[in-house]
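A.B. asks: Fold the following, please.
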Amino acid sequence: MFFFDWTYIIILPALIFSIWACVRVNTTFNKNSKIFSRRGYTAAMACRAVLDNKGLYSVAIERIPGKLTDHYDPRTNVIRLSDSVYNSTSAAAIGVACHEAGHAIQYAENYFPVKLRQAIIPITNIGSNLGIWICILGIFLTIISQTFVIVAYIGVALFSFTALFQLVTLPTEYNASSRAIASIQRTGILDEDELKAAKAVLSAAALTYVAALAGSLSQLLRLLLILGRFNRNN
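C.D. replies: Numbering: from 1, shown residues only. Sure thing, here's the model as predicted:
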């Protein structure tokens, strides 16, 4: 009954939005991958230029397999650029690479949202992996005693950190993109029309984080509704 009820309707819009956002970021990236830097910058070179402009000479840049698997690792102070980005001279790839440089700049400047996001990662991992299962366990344990409903609410509380993480991620990602665009303009890496293409890619990528937040919030609402209904029936 827990797995097949009307509350799944709550998460359906967020699921559809998430699929659309993923499709959009891929199509936007592919489209703008055909617009190339007239100055001949590769994404790795552009990323290096943005970092050096901020004095972040110690941040390394590495190449990794995959498509759009790009990320900044604050633990090792390394930006990892995917095969589809690293040597590409497209405006799309340069936008993605400079976005990751934006994250490195955030850490260097102690940008509060990124520090908060980093701090809650451990409990977020627990909540995303175990929160729903603890909630289910708590509901089943009420067969023994109604007091076990507190276990279900603990599961919901743990899962809520997933939504909090996604909420904090939004300003972090938008800020990294803003820093990337500002740095590209400041260093003259891309012309105006090329910069427009980079902006389009970063805007599309930001939608995936909005979709992730919508998914977490809808799942959290669903859990609360299930618990509320369970309490009324008992």
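A.B. asks: would you list every one of the strands in this structure?
C.D. replies: 60-64, 71-73, 78-82 (DSSP state E).
A.B. asks: Okay, Leu12 and Ser33: tell me how far apart.
C.D. replies: 32 Å (C-beta to C-beta, to the nearest Å). C-beta: built from backbone N, CA, C; applies to glycine.
A.B. asks: Compare these two (neighbour count), which wins?
C.D. replies: Ranked by neighbour count (other C-beta atoms under 10 Å), Leu12 and Ser33 place Ser33 first, with 18 against 10.
A.B. asks: which ones are touching the more buried one?
C.D. replies: Ser84, Ser88, Ser90, Ala92, Ala93 (C-beta atoms under 8 Å, 6 or more residues apart in numbering).
A.B. asks: Just the pLDDT for the fourth one.
C.D. replies: At Ala92, the pLDDT value in this model is 96.
A.B. asks: Quick check: pLDDT value at the residue nearest the centre of the chain.
C.D. replies: Note on the chain: the residue nearest the mean C-alpha position is Tyr209, at 4.7 Å, using C-alpha atoms, centre = their mean. Tyr209 carries a pLDDT value of 95.
A.B. asks: nearest spatial neighbour of it, skipping sequence neighbours?
C.D. replies: Glu173 (5.0 Å; C-beta to C-beta, 6 or more residues apart in numbering).
A.B. asks: ok, the one you found touching Leu207?
C.D. replies: No. Using C-beta atoms under 8 Å, Glu173 is not in contact with Leu207; the gap is 10.3 Å.
A.B. asks: Those two: which is more packed in?
C.D. replies: Set Glu173 next to Leu207 and count neighbours by other C-beta under 10 Å: Glu173 wins out with 22 against 17.
A.B. asks: Return the set of buried residues in stretch 167-175.
C.D. replies: Neighbour counts using 16 or more other C-beta atoms under 10 Å place Leu167, Val168, Thr169, Pro171, Thr172, Glu173, Tyr174, Asn175 of stretch 167-175 among the buried residues.
A.B. asks: picking up where we left off before, what's the closest of the strands of the chain to Ser37?
C.D. replies: strand 78-82 (15.2 Å; C-beta to C-beta).
A.B. asks: who does the closest one pair up with?
C.D. replies: strand 60-64 (parallel), strand 71-73 (antiparallel) (DSSP bridges).
A.B. asks: who's in contact with it?
C.D. replies: By C-beta under 8 Å, 6+ apart, strand 78-82 touches 43-44, 47, 51, 59-73, 96-97, 100-101, 103-104.
A.B. asks: Repeat the analysis, applying 7 Å as the threshold.
C.D. replies: Identification of contacts with strand 78-82 by C-beta atoms under 7 Å, 6 or more residues apart in numbering yields 43-44, 47, 59-64, 66-73, 97, 100-101, 104.
A.B. asks: what does stretch 53-68 give?
C.D. replies: Contacts for stretch 53-68 (C-beta under 7 Å, 6+ apart): 29, 44, 47-48, 51, 77-84, 86, 104-105, 108, 183, 186-187.
A.B. asks: picking up where we left off before, dump the strands paired with strand 78-82 into JSON lines; add distance to Arg24 as well.
C.D. replies: Formatted as JSON lines, the strands paired with strand 78-82 follow (distance: least, C-beta to C-beta, whole Å):
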{"stretch": "strand 60-64", "distance to Arg24": "24"}
{"stretch": "strand 71-73", "distance to Arg24": "20"}
